[in-house]
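Asks: starting from these lines, generate the structure:
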Amino acid sequence: MWIKALLVLTAALVCSACKHKEVTEDQALETISALDRAIDDIVEERSRAERAKVSVRLLEGEAREAYQDNRNAGRYLLRLNADYDATPEDFERIFDQLRANRARSAERILRLALRTREDLTPDEWRALNKHAAKGRG
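Replies: Predicted structure coming up:
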């Protein structure tokens with residue numbers, strides 16, 4: 001149960017990788033700005049608030065990297081699929097790479113979410129997650 005709560009902060013950011021419609025740079029920046037404002041409103045101690053903001057920016061960077069990795073792999077798969085001479089091994093290599101990238105990204109996101117949670121009180125954590133859930137609609 002708590003794992004889900006840990007990842008709520010990243011859901012608004014990672015969600016862009018799940019949608020068919022591409023999220024613009026402005027939309028991503030607005031999401032980060034909204035989380036920054038929420039952190040300012042929720043976290044009273046400025047040093048903890050700043051650490052939380054750094055973590056959110058790192059989470060955002062990881063989400064962008066994961067999104068780009070998936071897009072690049074998708075493009076490569078389309079080219080590979082169009083190649084009549086492509087072997088099953090060619091496909092397995094890209095799928096192995098995708099799985100490794102996703103596992104690495106999930107580990108980084110979890111580590112950052114745990115670090116963010118450690119910087120916040122339980123009430124601040126719940127409030128920030130509530131804010132993030134509202135933003136996802």
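Asks: sec struct for the residue of the chain most remote from its centre, please.
Replies: Most distant residue from the mean C-alpha position of the chain: Asp85, 35.8 Å away (C-alpha atoms, centre = their mean). Assigned by DSSP: H, G, I helix; E, B strand; the rest coil, the conformation of Asp85 is coil.
Asks: need phi/psi at it.
Replies: The phi/psi pair for Asp85 (degrees, to the nearest 10) reads phi -90, psi 0.
Asks: what's the spacing between it and Arg51?
Replies: Here Asp85 is placed at a distance of 52 Å from Arg51 (C-beta to C-beta, to the nearest Å). The C-beta positions use only the backbone N, C-alpha and C, and glycine is treated the same way.
Asks: list the contacts of Val56.
Replies: Leu9, Ile32, Leu35, Asp36, Ile39, Thr116 (C-beta atoms under 8 Å, 6 or more residues apart in numbering).
Asks: wait, isn't Leu80 in contact with Phe95?
Replies: No. Under the criterion of C-beta atoms under 8 Å, Leu80 makes no contact with Phe95, lying 10.6 Å away.
Asks: more neighbours, the two?
Replies: Neighbour totals were compared for Leu80 and Phe95, and Leu80 leads with 15 against 12 (other C-beta atoms under 10 Å).
Asks: run through the helices of this structure in chain order.
Replies: 2-18, 25-42, 46-82, 88-119, 122-136 (DSSP state H).
Asks: dump these to CSV, plus mean pLDDT.
Replies: Formatted as CSV, the helices of the chain follow (pLDDT from 0 to 100):
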stretch, mean pLDDT
helix 2-18, 42
helix 25-42, 80
helix 46-82, 90
helix 88-119, 92
helix 122-136, 85
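Asks: what's the local residue count around Asn62?
Replies: Let me fix one detail, which is that residue 62 is Glu and not Asn. When neighbours are counted by other C-beta under 10 Å, Glu62 registers 21.
Asks: quick check: it touching Arg104?
Replies: No. With contact defined as C-beta under 8 Å, Glu62 and Arg104 do not form a contacting pair (9.5 Å).
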